[in-house]
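**Student:** make a model of this:
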Amino acid sequence: MVSARSLDGELVSCFRNLTVSSGGGRGQAETGGDMPTLSGWKDLPMELLMRIISVVGDDRIVVVASGVCTGWRDALGWGVTNLSLSWCQQNMNNLTISFAHEFTKLQVLTLRQIKPQLEDSAVEAVANYCYDLRELDLSRSFRLSDRSLYALANGCPRLTKLNISGCSSFSDSALIYLSCHCRNLKCLNLCGCVKAATDESLQAIARNCAHMQSLNLGWCENVTDEGVTSLASGCPDLRALDLCGCVLITDESVIALASGCPHLRSLGLYYCQNITDRAMYSLANSCVKSKRGRWGAVRSSSSKDIDGLANLNISQCTALTPPAVQAVCDSFPSLHTCPERHSLIISGCLSLTSVHCACGLQRHRAEGTLQPTSHAY
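**Tutor:** Down below sits the predicted model:
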């Protein structure tokens with residue numbers, strides 16, 4: 001069997017030989033000699049080409065290399081499954097349209113933009129040719145309309161991860177259509193998609209995307225308890241849910257999540273000022289019930305499931321009191337208030353400064369500064 005080091009050595013040697021050959025040719029051309037032959041580059045084995053591309057680690061090289069010759073274009077079209085064009089500051093739309101028909105085996109595509117460039121025509125090109133696409137990042141694509149979501153729904157049914165954060169023009173009807181056709185979605189970022197993220201679209205996601213694990217609804221201000229409770233019942237595998245800025249939700253949403261999503265690890269409730277102690281006690285109680293029901297479970301259960309919540313953001317939830325938040329902190333050992341492992345975020349809640357995790361509790365006991373806190377749940 002050929003070792004990896006031996007193979008790397010052969011690839012490097014071959015690459016150097018080709019480089020020297022090309023370099024010598026350029027020298028002859030500059031002095032008026034015969035033009036060099038580049039057949040060596042064109043005959044580069046696919047394995048070597050892909051290894052060079054992976055070592056370089058720059059997706060710009062992939063785009064440039066695909067234009068060298070038909071052999072390279074075909075090789076890259078079959079071999080490249082992960083591509084990012086986020087480096088393209090201009091003409092990303094035209095570039096995406098031009099390469100879509102070449103890279104038909106793409107599974108991961110990142111089109112994140114600093115300034116909006118993408119238009120529906122580019123997304124439609126991707127949907128027409130990249131049937132195997134699993135992950136797509138279209139964040140900050142302010143120019144896109146519902147046409148893009150309809151195209152993805154029809155052309156990329158295998159999508160598992162989609163980021164359309166900041167795409168404020170999408171409607172809930174287009175998102176509903178997408179959920180009906182992309183039923184394998186596990187990770188969906190809708191942050192800032194105010195028109196798309198409504199109770200109706202969340203109900204559709206709950207019906208169609210039962211494997212959803214991560215959902216970002218940050219600043220989707222039209223979302224209410226009706227939509228969140230639907231998610232809690234239809235997506236029991238949820239691990240992460242961001243409801244930051246969803247100002248209409250109340251305790252009912254958290255109560256539904258506490259009972260319906262036993263694997264929830266991260267919950268964002270920043271600026272959800274209708275949340276009260278009742279929601280916190282429901283989270284604490286869900287952990288107690290889960291532990292009681294786990295006595296008969298298999299010993300090999302993962303530590304992540306046992307620990308429960310590991311991240312909770314309740315900043316600016318000013319109605320909460322220390323006993324209720326301390327109850328949650330005591331119930332979930334992965335929640336920390338100490339600076340080293342800060343995962344219970346309570347900024348803007350001056351009344352909660354007495355809440356401490358187990359690490360902080362030990363420190364304060366050692367320092368003799370602990371204020372006793374009582375709670376019942």
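
**Student:** hey, let's count contacts and neighbours off CA atoms from now on
**Tutor:** OK.

**Student:** residues in contact with stretch 160-167?
**Tutor:** The contact list for stretch 160-167, computed with CA atoms under 8 Å, 6 or more residues apart in numbering, reads 134-144, 182, 184-193.

**Student:** alpha carbons of that stretch, as CSV, please.
**Tutor:** This file holds the C-alpha atoms of stretch 160-167, laid out as CSV (Å, rounded to 0.1, in the frame of the first residue of the first chain):
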residue,chain,number,x,y,z
THR,A,160,-30.5,20.3,4.6
LYS,A,161,-29.1,23.7,5.5
LEU,A,162,-30.2,27.1,4.2
ASN,A,163,-29.2,30.5,5.3
ILE,A,164,-31.3,33.3,4.0
SER,A,165,-30.8,35.7,6.9
GLY,A,166,-31.4,39.3,5.9
CYS,A,167,-33.4,38.4,2.8
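
**Student:** distance check, E252 against V325.
**Tutor:** Relative to V325, E252 is positioned 17 Å away (CA to CA, to the nearest Å).

**Student:** let me see the contact set for G79.
**Tutor:** Going by CA under 8 Å, 6+ apart, G79 touches 50, 105.

**Student:** S331 versus that one, what's the distance?
**Tutor:** 48 Å.

**Student:** what do you get for H263?
**Tutor:** 15 Å.

**Student:** so what's the residue lying closest to L185 once chain neighbours are set aside scoring on pLDDT?
**Tutor:** Excluding the flanking residues, the one nearest L185 by CA to CA, 6 or more residues apart in numbering is T160, at 3.9 Å. Looking at T160, its pLDDT is 98.

**Student:** same deal with L44?
**Tutor:** Note on L44: pLDDT of 68.

**Student:** and what of S334?
**Tutor:** Reported pLDDT for S334: 94.

**Student:** dump the residue contacts of it.
**Tutor:** Neighbours of S334 in contact, by CA under 8 Å, 6+ apart: 307-311, 343.

**Student:** check contacts around A153.
**Tutor:** Per CA under 8 Å, 6+ apart, neighbours of A153: 177-182.

**Student:** hmm, 6 Å instead?
**Tutor:** Neighbour list for A153: 178, 181 [criterion: CA atoms under 6 Å, 6 or more residues apart in numbering].

**Student:** ditto for W72
**Tutor:** By CA under 6 Å, 6+ apart, the contact list for W72 reads S66.

**Student:** ok, it to L202 distance?
**Tutor:** 44 Å.

**Student:** where do the strands of this structure begin and end?
**Tutor:** 82-84, 108-110, 135-137, 161-163, 187-189, 214-216, 240-242, 266-268, 311-313, 344-345 (DSSP state E).

**Student:** between those strands, which gets nearest to R51?
**Tutor:** strand 82-84 (13.9 Å; CA to CA).

**Student:** where in the stretch 51-200 of the chain is pLDDT low?
**Tutor:** Residue ranges of the stretch 51-200 of the chain with pLDDT under 70: 52-57.

**Student:** one more time with 90, if that's ok
**Tutor:** Across the stretch 51-200 of the chain, the ranges flagged by pLDDT under 90 are 51-80, 89, 102, 114.
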